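Trainee: here is a sequence together with a model predicted from it:
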Amino acid sequence: MRRPRENLLPSLAGLLPSFERTEVVVVGDFVADEYVYGETERISREAPVLIVRWESSELKAGGAGNAAQNLAALGVKVRAVGVVGDDRLGAALLEELEEGGIDVSGLIRVPGRATEAKTRILAGGRSTRRQQMIRLDRAPREPLPAVIQRRIVRELERHGKGASAVLASDYGSGTVHPDAIEALRRLKRGGVPVCVDSRYQLRSYTGLTMVKPNEVELEAASGVPLGEPGALERAARTLQRRVDCEVLLVTRGRNGMSVFRKGLPPVHVPAHGSQDAVDVTGAGDTVAATFSAGLAAGGDPVTAARLANVAGSLVVQKPGTATVSREELAAELLRP
């Protein structure tokens, strides 16, 4: 059952044509999302496991790569800053990003390093939908060499100074290290809006434009348990003071999202569309990307959040790592 549409949605569509005149730099952890599809045949004699006959496979850009792909799908000019390995997956990930129209000149191939990857095995019986059976993650354990860390800072500053906005997409793999965070602060002081989506170190991103936690991340970073009346605002204001951001955007799943700005009352944006998601993989990337695009195009934080809310509702209706195009977003905003 769909929620009632907000009457102001058609007015949001007026911001979309400005996307093609904006440039956003995405810095963060670029991940190769592999999908392997197969048909289940029988139980193995070697162990009590299913034998899956390989049918096909595909690679998509995950992590910061998914955020970058979402921005590109919206018509934004995107520059990527980060690292990949010098392996097969790294080459495939670079190719995937380039095919999406993303400038990858700021992505550094690190010799001897494996590309971070998530391999999902999806299988099922004949004529049935493929379901995810297992996920195999590959992540380098060694920190980035100091020389690579310095190169990341140089690439971030080189590309960021002329950008309409910067989005830091931090999945905890060490690309956005302390010196890179300081570079983000310098860009912010220079007038570039800096948005942050960080899974594990939100409190490290101080003095920036926007920080985007979900409710679990908000609770952990603020130290305020949610669930009691008024706890959401107490937690949000506590975290906002700690990180000194202009906007705290809290994503709340079925409850939509809430926008907290300094000195202003919160704005609660109800969830758009169906409450039943098909797949929430990468939905946070879509939200962060669309918000950044809205801000880069000259929208205010609440307008950007409303756009991101609609984009998020569309992407969770798609399986796997997915994007929402500017045309899809416009069609939804203008739908009677």
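Mentor: Noted; the coordinates are in hand.

Trainee: if I look at Val26, how far off is Val84?
Mentor: 14 Å (CB to CB, to the nearest Å). Where you see a C-beta, it was placed from the backbone N, CA and C, and this is true even at glycine.

Trainee: which of these two has more neighbours?
Mentor: Val26 (36 against 26; other CB atoms under 10 Å).

Trainee: state the helix or strand in which the more buried one lies.
Mentor: strand 23-28 (DSSP states H and E).

Trainee: and the next helix or strand past that strand?
Mentor: strand 30-43.

Trainee: what strands line up against that next one, and which way round?
Mentor: strand 50-63 (antiparallel), strand 117-124 (parallel) (DSSP bridges).

Trainee: which SS state does the residue nearest the centre of the chain fall under?
Mentor: Closest to where the C-alpha atoms of the chain average out (CA atoms, centre = their mean) is Asp285, at 1.8 Å. Following DSSP: H, G, I helix; E, B strand; the rest coil, we place Asp285 in the helix state.

Trainee: touching, it and Asp197? I think so.
Mentor: Yes - the pair Asp285 / Asp197 is scored as a contact, 7.3 Å apart, by CB atoms under 8 Å.

Trainee: which residues are in contact with each of the two?
Mentor: 67, 169 (CB atoms under 8 Å, 6 or more residues apart in numbering).

Trainee: how about low-confidence regions in the chain?
Mentor: 1-8, 274-279 (pLDDT under 70).

Trainee: helices of that one, residue ranges please.
Mentor: Shown for the chain, the helices assigned by DSSP state H span residues 9-12, 64-73, 88-99, 146-160, 178-189, 215-222, 231-243, 283-296, 301-315, 326-334.

Trainee: distance from the chain centre to the first one, please.
Mentor: When distances are taken as CA atoms, centre = their mean, to the nearest Å, helix 9-12 is centred 23 Å away from the chain's centroid.

Trainee: circling back: quick one: which of the helices of the chain is nearest Thr22?
Mentor: Thr22 lies closest, by CB to CB, to one member of those: helix 283-296, at 4.1 Å.

Trainee: tell me what that closest one is packed against?
Mentor: strand 23-28, helix 64-73, strand 165-170, strand 194-198, strand 210-211, strand 247-251, helix 301-315 (3 or more CB pairs under 8 Å, 6 or more residues apart in numbering; DSSP states H and E).

Trainee: using a markdown table, lay out the ones you listed together with distance to Arg79.
Mentor: Supplementary listing: the helices and strands packed on helix 283-296 in a markdown table, determined by distance: least, CB to CB, whole Å:
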| stretch | distance to Arg79 |
| --- | --- |
| strand 23-28 | 5 |
| helix 64-73 | 9 |
| strand 165-170 | 9 |
| strand 194-198 | 14 |
| strand 210-211 | 19 |
| strand 247-251 | 23 |
| helix 301-315 | 20 |
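
Trainee: of these, which is nearest Leu156?
Mentor: Short answer: strand 23-28, nearest of these by CB to CB, at 5.3 Å.

Trainee: and that closest one, what does it pack onto?
Mentor: Against strand 23-28 (3+ CB pairs under 8 Å, 6+ apart) you get helix 64-73, strand 77-85, helix 146-160, strand 165-170, helix 283-296.

Trainee: so can I have a markdown table of those showing distance to Leu9?
Mentor: Rendered in a markdown table, the data for the helices and strands packed on strand 23-28 read as follows (distance: least, CB to CB, whole Å):
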| stretch | distance to Leu9 |
| --- | --- |
| helix 64-73 | 19 |
| strand 77-85 | 25 |
| helix 146-160 | 32 |
| strand 165-170 | 23 |
| helix 283-296 | 13 |
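
Trainee: for His268, which of these is the nearest?
Mentor: The closest of the helices and strands packed on strand 23-28 to His268 is helix 283-296. By CB to CB, the value is 15.3 Å.

Trainee: give me the contacts around stretch 17-24.
Mentor: By CB under 8 Å, 6+ apart, stretch 17-24 touches 71, 74-79, 162-167, 289, 292-293, 296-298, 326.

Trainee: format the CA atom coordinates belonging to that stretch as PDB.
Mentor: Output of stretch 17-24 as PDB, limited to C-alpha atoms (Å, rounded to 0.1, in the frame of the first residue of the first chain):
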ATOM      1  CA  PRO A  17      18.000  20.000 -14.700                       C
ATOM      2  CA  SER A  18      20.800  21.700 -12.600                       C
ATOM      3  CA  PHE A  19      22.400  18.400 -11.800                       C
ATOM      4  CA  GLU A  20      24.200  18.300 -15.200                       C
ATOM      5  CA  ARG A  21      25.900  21.600 -14.300                       C
ATOM      6  CA  THR A  22      27.300  20.300 -11.000                       C
ATOM      7  CA  GLU A  23      30.500  18.300 -10.200                       C
ATOM      8  CA  VAL A  24      30.800  16.100  -7.100                       C
END
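
Trainee: buried residues, it. List them.
Mentor: 18-19, 22-24 (16 or more other CB atoms under 10 Å).

Trainee: repeat that for stretch 35-50.
Mentor: By 16+ other CB under 10 Å, the buried positions in stretch 35-50 come out as 35-40.

Trainee: what does stretch 240-255 give?
Mentor: Buried-residue list, stretch 240-255, by 16+ other CB under 10 Å: 240, 243, 245-253.

Trainee: what's that stretch in contact with?
Mentor: Contacts for stretch 240-255 (CB under 8 Å, 6+ apart): 196, 202-203, 205-215, 218, 221-222, 232, 236, 239, 257-262, 270-271, 275, 284, 287, 291, 301, 305, 308, 312.
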